[in-house]
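>>> requesting a structural model of the entry that follows:
(chains A and B)
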Amino acid sequence: MKIDLTDTTAGKVNKALVQGRRAIGTPAVGMVLTLVIVTDEENAYDALKAAGDASHEHPSRTLVVIKRVSRSPRDRTVSRLDAEVRVGADAGSGETVILRLYGEVADHADSVVLPLLLPDAPVVVWWPVNAPLDPAKDPLGALAQRRVTDTYSSEQPVRELSARADAYTPGDTDLSWTRITPWRSMLAAALDQVVCEVKAVEVEGEEFNPSCELLAMWLADRLDVPVKRSLSAGPGLTAVRLDTSEGAIALDRADGSLATLSIDGQPDRAVALKRRDTAELIAEELRRLDPDDTYASALRFGVERLNASAAPAPAAAEPAAVPAAAAAQAVPAAQGSEPPAKGEPAVEAAAAEAPAPEAAAKEPLKKRAKAT
Amino acid sequence: MPAVYDLANRGLLPPGFSLVGFARREWAHEDFAAEVHDAVKDHARTPFREEVWQQLIQGMRFVQGTFDDDDAFERLRSTIEELDKAQGTGGNFAFYLSVPPRSFPVVIQQLKKHGLADQSGGSWRRAVIEKPFGHDLKSAEELNKVVHEVFEPDQVFRIDHYLGKETVQNILALRFANTMYEPIWNRSFVDHVQITMAEDIGIGGRAGYYDGIGSARDVIQNHLLQLMALTAMEEPASFDADALAAEKEKVLGAVRLPKDLGRSTVRGQYAAGWQGGEKVIGYLEEDGIDTKSKTDTYAAVKLGIDNRRWAGVPFYLRTGKRLGRRVTEIAVVFQRAPHSPFDHTATEELGQNAIVIRVQPDEGITVRFGSKVPGTSMEIRDVSMDFAYGESFTESSPEAYERLILDVLLGDSNLFPRTEEVELSWKILDPIEDHWDKHGRPAQYKSGTWGPAEADEMLARDGRSWRRP
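Presented below is the predicted three-dimensional model:
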């Protein structure tokens, strides 16, 4: 069921939601969160489609905030809110409100969104494109527990990663980080199988793909070994190669769907590592709503340190041995769900010098548990 | 008026029911009927039926006059007597006094002088009064004295339309007709209670009425304290008016004000901003408001109830205009489980259990509790279970005024606050108003938000936070 409201207010939208819910015969609200999508007209369709698919796993109220561009001074003085309310079969499982903001009201989108949030339920804001540089300080971002951005969609992803690291507030997250979850769990599992010390790492992938940097930073942060980021034609991430005391471990994905895991002395294994669509990423992101400490730690490692630490590779390899073993032990610990060392101070330390092995061991690879 | 029509449409009005309007306007009976007709057509909940309207219009009269005009009241009397004969109303009248507070004594005296309030031969005279019931204890007592001189106390009906709402009556059903809530409805399990009544509108054209009164007198004194009394009272011996009133009075009498009123009350005024996508002006910029006005448009107070059931459980009451959205609800927030076998990560997103009674809009009840998120890891998150009136009872529930007007005609005073309750409520509010009057100014809050930061700080000092309604 669809209700169109032109030149309306949030109060009327709320009434329309109740009315729509009654009309389809299910007035009870079973939604677990409010997902606010802030986007432009161009990306609204894809984002909404992804959110609709994700809502099958997380019944939610989806608010799509579309800021319309006013092209003339006259347009800019007129302020108008149009809303399209969808409930029932038209809205996946949950409710969808598409809000189009014209003129001055576009700068006060939070006043429209606030009255439409579900009572008590967590709020997630997702910017598919054009995310603000400091999401937590954005008026809409301030309403949310969790702020999802996507550096993949930005003009200069690598530079944006540094900006994200500077502005990081617990609750921030990046879909480029979500994209590498299967890689991270596969690599952690591979290190589980071999007792070894990692000496150096190489992450290979296409240019302008921040997922490669994030994966490299995660490895560098957790293993404390030099990580080299090298370029390939893609698609996406193509390979990760670990140079260990027991020989090479490589995870190679040339075609963007099927990867090969090769460990020295063991037969090659085929691993399905399909590049996932946005709906799956959002669904995964919505599964946990607490701050992602592992992401914070990896992000704060710093893009600029990646290439710097790669240069003196042989020298740095020696002291790296102990943390590498510790990180390998950390994987089973993660499954046992040990309380996380609330990593903030430890992370600062990591940025300054090498992390203490204990700290690395205690901090579970959180995302590992949720890898499907 | 629409409520009267709806009652007629349901066949709940007695056959000879008549309606007499009294106002200064120069109207003929027909003009009055036309005005009622429009109101009914626009606002009645039930479909418009011509035959029902014809039944109503037969008993519809209008008397023109001012409150100090003796002739007009004589005309009113003769109109009523004529109706008695023509319509067979049986000599029973209810006066719905929708008059400004200052005209009250005059009107009451006029009714007495012209013998309109004299009961005789088994017929009744009832008075229906709308809020405000005074503006402090003293004025409320005076008002009660004036009314009771003329009308018997049990024939005076103070309309608080909140009490006519289905969900409010359902508080009693929820608590006293079920077994599963009452055992946990006490200080051993309840952490605190939040009662919220938020409006998204400003004062509109009511500057003259509102300035100097403020939200605490306008809302907390009557609606919120009544909701609190219903939430906190003990089980009445029976469901009749006397037993209910006795329990409500006991609770209101046990209310204890916090020692430091400055730290446990907050008042505010809305400032200019954006509300729901509209640009709105601040309270001090409204037409007819003094730019130095200290009137509160937001009020939050923390109250305690000194009895065995509630000692130590704070009741947070808040109301305001130009808040996020229009909503009234009672949230009973429970304590955390005393011991959690789950680790910190698993319960990081788990809040406190709560039962939320949604009074308006979208009437219903929500129960919030933790549940495991499906998946391979143990992760517990809040979920809600919802009961919506619209779903479980497909009959559209009667509108509050409908119910209350019917109760007046039946003489059933269950849902009307009594003199004593009104006076007790003022006893609670007067010290707070007094404190506000002497100290400081209202905090400014941006329109469209959930009130001033001071209110959040007030709860933060207790280690709690306001729910987002």
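>>> could you count how many residues lie near the residue of the stretch 1-150 of chain B found nearest chain A?
Of all residues in the stretch 1-150 of chain B, B:Arg45 sits closest to chain A, at 14.0 Å by C-beta to the nearest C-beta. Backbone N, C-alpha and C define where each C-beta goes, glycine included. Residues lying near B:Arg45 (other C-beta atoms under 10 Å in any protein chain shown) number 14.
>>> just the pLDDT at it, thanks.
For B:Arg45, the pLDDT comes out at 77.
>>> try A:Glu363
pLDDT for A:Glu363: 41.
>>> shaky segments in chain B?
B:390-398 (pLDDT under 70).
>>> now do the domain split for it, please.
Taking automatic domain parsing as the criterion, chain B consists of the domains B:2-159, B:163-400+B:439-461.
>>> can you show me the helices along the stretch 201-350 of chain A?
Along the stretch 201-350 of chain A, counting by DSSP state H, counting those that start in this stretch, helices occupy A:210-223, A:278-287, A:293-301, A:303-310, A:313-317, A:321-335, A:344-352.
>>> what's the residue of the stretch 1-150 of chain B closest to chain A sitting at in phi/psi?
Backbone torsions for B:Arg45, taken as degrees, to the nearest 10, come to phi -80, psi -30.
>>> just checking, it touches B:Pro2?
Yes. Using C-beta atoms under 8 Å, B:Arg45 is in contact with B:Pro2, at 7.0 Å.
>>> now for the two: what residues contact both?
When contacts are counted by C-beta atoms under 8 Å, 6 or more residues apart in numbering or on different chains, B:Arg45 and B:Pro2 have B:Glu399 as shared neighbours.
>>> now do the SS call for the most far-flung residue of chain A relative to its centre.
What lies farthest from the middle of chain A is A:Arg74; by C-alpha atoms, centre = their mean that is 39.2 Å. With DSSP: H, G, I helix; E, B strand; the rest coil as the basis, the three-state label of A:Arg74 is helix.
>>> helices of the stretch 101-250 of chain B, residue ranges please.
B:104-113, B:137-150, B:166-176, B:207-210, B:214-215, B:225-232, B:241-254.
>>> how about these in TSV, adding distance to chain A?
As requested, the helices of the stretch 101-250 of chain B are arranged in TSV below (distance: least, C-beta to the nearest C-beta, whole Å):
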stretch	distance to chain A
helix B:104-113	34
helix B:137-150	33
helix B:166-176	14
helix B:207-210	20
helix B:214-215	19
helix B:225-232	17
helix B:241-254	27
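>>> any chance of TSV for these, columns mean neighbour count?
Formatted as TSV, those follow (neighbours: other C-beta atoms under 10 Å in any protein chain shown):
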stretch	mean neighbour count
helix B:104-113	18
helix B:137-150	16
helix B:166-176	18
helix B:207-210	16
helix B:214-215	25
helix B:225-232	25
helix B:241-254	18
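>>> quick check: the spatially closest residue to B:Ile203 that is not a sequence neighbour vs B:Ser293, distance?
With sequence-adjacent residues excluded and distances taken as C-beta to C-beta, 6 or more residues apart in numbering or on different chains, B:Ile203 is closest to B:Tyr210, at 4.6 Å. Per C-beta to C-beta, to the nearest Å, B:Tyr210 is found 10 Å from B:Ser293.
>>> all strands for chain A, in order.
Secondary structure of chain A (DSSP state E): strands located at A:2-5, A:33-39, A:60-67, A:80-87, A:94-102, A:123-126, A:146-149, A:172-174, A:198-205, A:227-231, A:237-244, A:247-252, A:258-263, A:269-272.
>>> quick one on the thing from earlier: most tightly surrounded among the domains of chain B?
Counting by mean count of other C-beta atoms under 10 Å in any protein chain shown, domain B:163-400+B:439-461 has the highest mean neighbour count of the domains of chain B, with a mean of 19.
>>> for that domain, the distance to its chain's centre please.
On the basis of C-alpha atoms, centre = their mean, to the nearest Å, domain B:163-400+B:439-461 sits 13 Å off its chain's mean C-alpha point.
>>> again with stretch B:94-102
With C-alpha atoms, centre = their mean, you get 17 Å for stretch B:94-102.
>>> try stretch A:108-126
The answer for stretch A:108-126 is 20 Å, by C-alpha atoms, centre = their mean.
>>> how long is it end to end?
One end of stretch A:108-126 to the other measures 17 Å (C-alpha to C-alpha, to the nearest Å).
>>> same check on stretch B:440-453?
First-to-last residue span, stretch B:440-453, C-alpha to C-alpha: 16 Å.
>>> list the contacts of that stretch.
Under C-beta under 8 Å, 6+ apart, the answer for stretch B:440-453 is A:111, A:114-115, B:198, B:200, B:202, B:262, B:266-276, B:280, B:282, B:294-298, B:300, B:318, B:320, B:322-324, B:454, B:466, B:468.
>>> those residues in helices, which ones?
A:Ser111, B:Gly262, B:Glu454 (DSSP state H).
>>> measure the residue lying closest to A:Gly103 once chain neighbours are set aside to A:Thr9 for me?
Spatial nearest neighbour of A:Gly103, chain neighbours left out: A:Ser79 (4.1 Å); criterion: C-beta to C-beta, 6+ apart. According to C-beta to C-beta, A:Ser79 stands 11 Å off from A:Thr9.
>>> out of the domains of chain B, which is closest to A:Trp177?
A:Trp177 sits nearest to domain B:163-400+B:439-461 of all the domains of chain B, at 18.4 Å, using C-beta to C-beta.
>>> shouldn't B:Leu13 be in contact with B:Leu7?
Yes. B:Leu13 lies in contact with B:Leu7 (C-beta under 8 Å); the separation is 5.1 Å.
>>> and stretch A:110-125, end to end?
Start-to-end, stretch A:110-125 (C-alpha to C-alpha) is 11 Å.
>>> same question, stretch B:229-242
The stretch stretch B:229-242 measures 15 Å between its terminal residues, going by C-alpha to C-alpha.
>>> contacts for it?
B:168, B:171-172, B:175-176, B:182, B:193, B:195, B:243-244, B:246-248, B:250-252, B:305, B:309-310, B:315, B:330, B:332, B:357, B:412-414, B:421.
>>> can you count the residues close to A:Pro139?
A:Pro139 - counted by other C-beta under 10 Å - has 14 other residues nearby.
>>> quick one: contacts for it?
A:Pro139 touches A:His108, A:Ala109, A:Asp110, counting by C-beta under 8 Å, 6+ apart.
>>> chain neighbours aside, what residue packs nearest to the last one?
Think A:Asp110. A:Pro139 is the one closest to A:Asp110 (C-beta to C-beta, 6+ apart), at 4.0 Å.
>>> try the second one
In space, A:Ala109 comes closest to A:Val65 once its chain neighbours are excluded; the distance is 5.1 Å by C-beta to C-beta, 6+ apart.
>>> so in terms of bridging, what pairs with that neighbour?
Beta-bridge partners for A:Val65, by DSSP bridges, are A:Val38, A:Leu99.
>>> tell me what angle the strand or helix carrying B:Glu82 forms with helix B:104-113.
Element membership for B:Glu82 (DSSP states H and E) is helix B:70-87. If you take axes from the mean of the first three to the mean of the last three C-alpha atoms, to 10 degrees, helix B:70-87 sits at 60 degrees to helix B:104-113.
>>> and the contacts of helix B:70-87?
By C-beta under 8 Å, 6+ apart, helix B:70-87 touches B:16-18, B:20, B:22, B:58-59, B:61, B:63-66, B:89-91, B:93, B:110-111, B:113-116.
>>> now the element after that helix, going C-ward?
Helices and strands here follow DSSP H and E; after helix B:70-87, the next one along the chain is strand B:93-97.
>>> counting by contacts, list what that next one packs against.
Counting contacts by 3 or more C-beta pairs under 8 Å, 6 or more residues apart in numbering or on different chains; DSSP states H and E, strand B:93-97 is packed against helix B:104-113, strand B:125-130.
>>> try 7 Å
Secondary-structure packing of strand B:93-97 (3 or more C-beta pairs under 7 Å, 6 or more residues apart in numbering or on different chains; DSSP states H and E): strand B:125-130.
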